[in-house]
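sequence-free structure coming up:
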Ligand SMILES: Cc1ncc(COP(=O)(O)O)c(C=O)c1O
């Protein structure tokens, strides 16, 4: 680093003593060496943790505010009709805070484009609706978020889009399906919700592309810290940013990430035409979440591995689903395709069945009984009755003795003690 002095370099600099010291509130001291503007630094050569904090986050040009202001405005003054400042006209179409999140997320993924949405389902809806038409087909995994299945089966299918369901973790079944019909999209969730199934993204993309299908990966469970599907050959990535990206259970949001310019333009067109945009404040919450995602996701992963390992030793538990365990059928693929951890989600099947599962989900104290996942606080839920009620009676129906844990960033021993106490409580 270049050495700097605090000596004023010209007479225009204030002679107030405070301005020539390192005082944090010094007024107007100019450094003799001009700082390099962040926008001219090539962040793409830097690590994800650095990109997450700096990409799209240049200090405010007018004031130097280190955290760029939230542009809480619906509209923008024009300098004469059509005289837009920086292309900004109306916040459904474009907003600087949303742009800032888009730049940050695209940089983390190493992608050309990211677009923020008002929810994960809005992102999925707009990506698909802008690129499929009646008569097209979608191939879906048999273990996915219930809301994704509800959207496809109850909105897209009545619109005329075909939907087939396959075990997406079984490459042979996927190949067979691709040979028997033409698909526009292969829709992959890995790890899947709620059974933590692992799909080999590279192998699935290779076979899908051979048959003219595009691959979308719902990367919500892994987050861009642990898994980058575009690098593995996928065509697009979607997120519910409500989960790990937001990270604090205080915002609902979504995102689409991709490299294809033409598809990006179609997605952006429909987003503006239909209006599925996040507010500037929600975009800012996602920005703040992305900055600490790297730290949080590693702690989530460590805690989840500790909890899953402990659960494996419990007689009340029939089966533990966690890709970080060697006993998981997708462990080897996950170990290759996920970098630095296996995420914070753990599912268990209880030996005594549905009633025990429901009782256990209601018997913890630190694990809060609630839908959603990916926040700093641990959550517990019964998927069959809660997040996946909409797949009841379908090929996606989840086991009734299943309990899903979103392992937070609390102390792992406290989390295990909470689960231990819950087992004792339901045994009484
Ligand atoms: C894997 C996955 N994808 C998408 C969604 C939908 O996201 P949102 O609730 O933000 O619309 C969820 C929600 O739980 C999810 O778990």
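Yes, it's here. Given the structure is predicted, the values throughout are model-derived calculations rather than measurements.

going by C-alpha atoms from here, please, whenever you check contacts or count neighbours.
Will do.

burial of the residue lying closest to residue 377 once chain neighbours are set aside, as a residue count?
Closest residue to residue 377 apart from its sequence neighbours, by CA to CA, 6 or more residues apart in numbering: residue 408 at 4.6 Å. Per other CA atoms under 10 Å, the neighbour tally for residue 408 reads 28.

same check, this time on the one 4 residues further on
For residue 412, the neighbour count with other CA under 10 Å is 19.

what's the spacing between the nearest residue to it once chain neighbours are set aside and residue 341?
Nearest residue to residue 412 in three dimensions, chain neighbours excluded: residue 303, at 5.3 Å (CA to CA, 6+ apart). From residue 303 across to residue 341, the span is 10 Å (CA to CA, to the nearest Å).

before we move on, the earlier item: residues of the strand or helix carrying the residue nearest to residue 412 that come out buried?
Here residue 303 sits within helix 280-312, counting by DSSP states H and E. Buried residues in helix 280-312, counted by 16 or more other CA atoms under 10 Å: 280, 282-294, 296-308, 311-312.

one more: stretch 383-391?
Neighbour-count burial for stretch 383-391, counted by 16+ other CA under 10 Å, picks out 383, 384, 387, 388, 390, 391.

off-centre distance for that stretch?
21 Å (CA atoms, centre = their mean, to the nearest Å).

mind listing residues that contact that stretch?
Identification of contacts with stretch 383-391 by CA atoms under 8 Å, 6 or more residues apart in numbering yields 145-147, 149-150, 194, 371-372, 392, 397-400, 402-404.

can you tell if it touches the ligand?
No: in terms of CA under 6 Å from any ligand atom, no part of stretch 383-391 sits within range of the ligand; the closest distance is 7.1 Å.

what does the stretch 101-250 of the chain have sitting close to the ligand?
119, 120, 121, 145, 193, 220, 240, 242.

and the two most separated of the residues you listed?
Spatial extent of these (CA to CA) is set by the pair 119 and 193 at 16.9 Å.

tally of neighbours for the nearest residue to residue 331 once chain neighbours are set aside?
In space, residue 331 comes closest to residue 323 once its chain neighbours are excluded; the distance is 5.1 Å by CA to CA, 6+ apart. Close neighbours of residue 323, defined as other CA under 10 Å, add up to 28.

can you say which helix or strand has residue 115 in it?
Taking DSSP H and E as the definition, residue 115 sits inside strand 113-117.

who does that strand pair with, and is each partner parallel or antiparallel?
Strand 113-117 has its sheet partners listed here by DSSP bridges as strand 254-258 (antiparallel).

ok, and what's touching the partner strand?
If you take CA under 8 Å, 6+ apart as the criterion, strand 254-258 is touched by 106, 109, 111-124, 127, 230, 235-242, 264.

which PyMOL command selects the buried ones in those?
Buried residues within the contacts of strand 254-258, by 16+ other CA under 10 Å, are selected in PyMOL with:
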select buried, resi 106+109+111+113+114+115+116+117+118+119+120+121+122+123+124+127+230+235+236+237+238+239+240+241+242+264
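
in strands, which of the contacts of strand 254-258 fall?
Taking DSSP state E, the ones among the contacts of strand 254-258 that sit in strands are 113, 114, 115, 116, 117, 236, 237, 238, 239, 240.

can you count the residues close to residue 340?
Residue 340, neighbours per other CA under 10 Å, totals 16.

what of residue 135?
Residues near residue 135, counting by other CA under 10 Å: 12.

ok, which stretches of this protein are helices?
For the chain, the helices defined by DSSP state H occupy 48-54, 96-109, 120-129, 146-151, 157-159, 171-180, 201-210, 223-226, 261-274, 280-312, 331-337, 354-361, 412-427.

including mean pLDDT, could those go into CSV?
As requested, the helices of the chain are exported to CSV (pLDDT from 0 to 100):
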stretch, mean pLDDT
helix 48-54, 96
helix 96-109, 98
helix 120-129, 98
helix 146-151, 96
helix 157-159, 98
helix 171-180, 98
helix 201-210, 98
helix 223-226, 98
helix 261-274, 98
helix 280-312, 98
helix 331-337, 98
helix 354-361, 98
helix 412-427, 98
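
of those, which is nearest residue 347?
Per CA to CA, nearest to residue 347 of the helices of the chain: helix 280-312, 8.5 Å.

ok, the residue nearest to residue 103 when sequence neighbours are not counted - contacts?
In space, and not counting its chain neighbours, residue 103 is closest to residue 56: 5.2 Å by CA to CA, 6+ apart. By CA under 8 Å, 6+ apart, residue 56 lies in contact with 99, 100, 101, 102, 103, 104.

now list the buried members of the residues you listed.
99, 100, 101, 102, 103, 104.

biggest separation within the contacts of residue 56, which pair?
The widest separation within the contacts of residue 56 (CA to CA) is 8.5 Å, between 99 and 104.

what sits against the residue in the stretch 151-300 of the chain that the ligand sits nearest to?
Of all residues in the stretch 151-300 of the chain, residue 240 sits closest to the ligand, at 4.2 Å by CA to the nearest ligand atom. Residue 240 makes contact with 119, 120, 121, 220, 252, 253, 254, 255, according to CA under 8 Å, 6+ apart.

my read: the second one touches residue 239, true?
Yes: using CA atoms under 8 Å, residue 120 is in contact with residue 239, at 5.7 Å.

gap between the closest residue to residue 259 other than its chain neighbours and residue 283?
Spatial nearest neighbour of residue 259, chain neighbours left out: residue 112 (4.8 Å); criterion: CA to CA, 6+ apart. To residue 283, residue 112 is 19 Å away according to CA to CA.

for residue 404, same thing?
The gap separating residue 404 from residue 283 is 28 Å, by CA to CA.

could I get the residues of the stretch 101-250 of the chain next to the ligand as a markdown table with distance to residue 170?
Converted to a markdown table, those look like this (distance: CA to CA, whole Å):
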| residue | distance to residue 170 |
| --- | --- |
| 119 | 30 |
| 120 | 26 |
| 121 | 26 |
| 145 | 18 |
| 193 | 16 |
| 220 | 21 |
| 240 | 25 |
| 242 | 29 |
